[in-house]
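K.L.:
structure of the sequence below:
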Amino acid sequence: MQTVKMVVTGPFNAGKTEFIRSVSEIDVVSTERKISSEAEKVKNYTTVAMDFGRITVDDNLVLYLFGTPGQRRFDFMWEILSEGMLGFIVMVDSTRPETFREARNILETFRAYAPTPYVVAANKQDREDAWELDDMRIALRLDPKVKLLPCVARQKETVKTVLLELLYTILAEMDEAE
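P.N.:
A predicted model of the protein is given here:
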């Protein structure tokens, strides 16, 4: 049995915890704590260490999903969670362009930790105020080769698509290396 560690990262409230919850076959191990700050206007809880979920792809492959905290004050966990990852997903809230710069910074930070394959998930694509993918690609300054995928973290099928695309990217890179 092969296990693959994937990290789900991104800014505060981008949908990382929801992404893992929607697809995990086990109860997600979560380290959420109540917020008592300005961020409380957006949501009541935040991840302080990590989220952990698991999904069995087939008899030979299990994905371990580790979600990072999105707030900078917990960024000491990022490097710890990046150890041993075979790839990562950067979640971006398509409705909050004010978080795009932070998403770009997180992407660069994780690329510095480990030069592993990654994809970018444009979350909340079901909302009317969601940015178009082409506009997001420009705003995030993403290379045309980087996969920018539409996502709705609450919809299991779109989450599976994002995970499979990352898996394909990892496998393609492993083939190139051989």
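K.L.:
which residue ranges of the chain form strands?
P.N.:
Using DSSP state E, the strands of the chain run over 2-9, 29-34, 45-58, 61-67, 87-93, 118-123, 148-150.
K.L.:
dump the ones you listed to CSV, plus distance to residue 169 and mean neighbour count.
P.N.:
C-beta: built from backbone N, CA, C; applies to glycine. CSV is the format used below for the strands of the chain (distance: least, Cβ to Cβ, whole Å; neighbours: other Cβ atoms under 10 Å):
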stretch, distance to residue 169, mean neighbour count
strand 2-9, 11, 20
strand 29-34, 26, 14
strand 45-58, 15, 18
strand 61-67, 13, 21
strand 87-93, 7, 27
strand 118-123, 6, 26
strand 148-150, 11, 19
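K.L.:
quick one: closest of those to residue 164.
P.N.:
Of all those, it is strand 45-58 that lies closest to residue 164, at 8.4 Å by Cβ to Cβ.
K.L.:
coming back round to it: of the strands of the chain, which is nearest residue 136?
P.N.:
Closest to residue 136 of the strands of the chain is strand 118-123 (Cβ to Cβ; 5.5 Å).
K.L.:
can you list contacts of the closest one?
P.N.:
Contact with strand 118-123 is made by 10, 14-15, 19, 87-94, 103, 107, 110-111, 130-131, 133, 136, 140, 142, 146-153, 162, 165-166, 169, as judged by Cβ atoms under 8 Å, 6 or more residues apart in numbering.
K.L.:
can you list the strands that it pairs with?
P.N.:
If you go by DSSP bridges, strand 118-123 pairs up with strand 87-93 (parallel), strand 148-150 (parallel).
K.L.:
what about residue 111, distance to residue 88?
P.N.:
In this view, residue 111 and residue 88 are 9 Å apart by Cβ to Cβ, to the nearest Å.
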